[in-house]
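Visitor: Show me how the following folds:
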Amino acid sequence: MRIFLLLLLITQHAFSFQGNIELQRLHQKYDRDHDKKITADDKISANEIFITGNVKAKGLYQISILSQELALDGKIDEHILNENPVERISRTIRELYWDGLTRQIDSSTIQKVAADPKINSKKPYLYIPQHDEEALKHYQKSKINIVKLPETLPPNFITSLGSKQGLLSLAMKNGKGVPYVVPGGRFNEMYGWDSYFHVLGTLSDGRIDLAKGMVDNFVYEINHYGQILNANRTYYLTRSQPPFLTSMIKAVLSELPKNDETSKWLEVSLKAAVKEYETVWMGKDRLTDTGLSRYAGFDSGIPPEVEPGHFDHILIPFAKKHRLNLSQLKKRFNDGKINDPDLMDFFHQDRAVRESGHDTTYRWRVGETDR
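Guide: Presented below is the predicted three-dimensional model:
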């Protein structure tokens, strides 16, 4: 993974260079495709040189690294240009990237993290679990829509929200959101099995606070939403993700001090893990007659989080079958006015694929109705 990130830095580096004269000069000379990046596409030869102050960068890699350093703070230490590439990417992940991918949800951040590019809503929504009165009180003066979730979700709840889809609250401690790591810069919500790998990475870099925070947020999800969620948005309320909580607990525990506070943390975390095992993976919806558990997906209608047109190739034959245009079919299906077993089965299977974390893939021939 770190080697991949290194290659990504070399070929896809992009930093803003407004106001940095040296960086502008570098880009004027070497950003040959004018995409505001220094990449392999700029065809910088091994003998080309850029000098700034007492620092000399030679070739694509060093010029790309120089560009990054100028964009970050404008202070250049020549030894960085000769730093072992693997050591460099490890250092930048440790010193920069974890913080750049860290989010928390509380009244000071809610305006930013609640925004969702997938949903067209003028004013973001935050949904609070039925029994988290402390969170409800904390957010009541926030300048977004605050809604308390029903204790039991009614049928078609998610689809019925329409543009009122929103963020789901997570754990807080002393009035501050418990931090977590997102899979990439465009995300603000905490994802399920992605977080397991974030835990391994943050622990390897000594960020025990982030690793523990992700466990604590999952414990909150189990206790308040009934399961670890695909991610904490309303359109993910009815599906989980591959179960890694006990592995996360074990990894974090190995780095915590052996004291009463850790013992209490372990007790709370394991109780949540047992609850998830008994009610989710051994529950009637996922436990099969074989004794094995399966992924599943619930609610009805078209998953709201997909890009426009994502399912059109599936829906067009059904639109013809029901003598409707595509827009009419989507609306009537989402409103529960079309009871087509084949179409309903397709979306049940599609949601199960998404719960598996392999969304979306043709590995199981999802997209065909002749299964």
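
Visitor: residues touching the residue lying farthest from the centre of the chain, list them.
Guide: Ranked by distance from the centre of the chain (CA atoms, centre = their mean), the top residue is N54, with 41.8 Å. Remark: with contacts taken as CB atoms under 8 Å, 6 or more residues apart in numbering, N54 is in contact with E78. Every residue, glycine included, has its C-beta placed from N, CA and C.

Visitor: confidence score at it?
Guide: pLDDT for N54: 85.

Visitor: Also K118?
Guide: pLDDT, read off for K118, is 83.

Visitor: next one: R2
Guide: 45.

Visitor: Likewise for T360?
Guide: Model confidence at T360 (pLDDT) stands at 65.

Visitor: What separation is there between L136 and L126?
Guide: Using CB to CB, to the nearest Å, one gets 10 Å for the distance from L136 to L126.

Visitor: Identify the contacts common to the two.
Guide: I146.

Visitor: okay, the two: which has more neighbours?
Guide: L126 (21 against 16; other CB atoms under 10 Å).

Visitor: contacting residues around the more buried one?
Guide: Counting by CB under 8 Å, 6+ apart, L126 has contacts I110, A114, Y139, S142, I144, N145, I146, V147, G166, L167, L168, S169.

Visitor: so when I look at it, I'm seeing a helix, right?
Guide: No. Applying DSSP: H, G, I helix; E, B strand; the rest coil, one finds L126 to be strand, outside a helix.

Visitor: what bridges to it?
Guide: Counting by DSSP bridges, L126 is bridged to I146, L167.

Visitor: hmm, back to that, the contacts of L126: which two are farthest apart?
Guide: Largest separation among the contacts of L126 by CB to CB: S142 and L168, giving 14.5 Å.

Visitor: Comparing these two, which residue is more hemmed in?
Guide: Neighbour totals were compared for S142 and L168, and L168 leads with 24 against 16 (other CB under 10 Å).

Visitor: Might one say that that one is in contact with I228?
Guide: No. Counting by CB atoms under 8 Å, L168 stays clear of I228, with 12.0 Å between them.

Visitor: quick one: the helices in the stretch 201-350 of the chain?
Guide: 208-225, 245-253, 260-276, 312-321, 326-334, 341-355 (DSSP state H, counting those that start in this stretch).

Visitor: and those helices, which is most packed in?
Guide: Highest mean neighbour count of those: helix 208-225, a mean of 22 (counted as mean count of other CB atoms under 10 Å).
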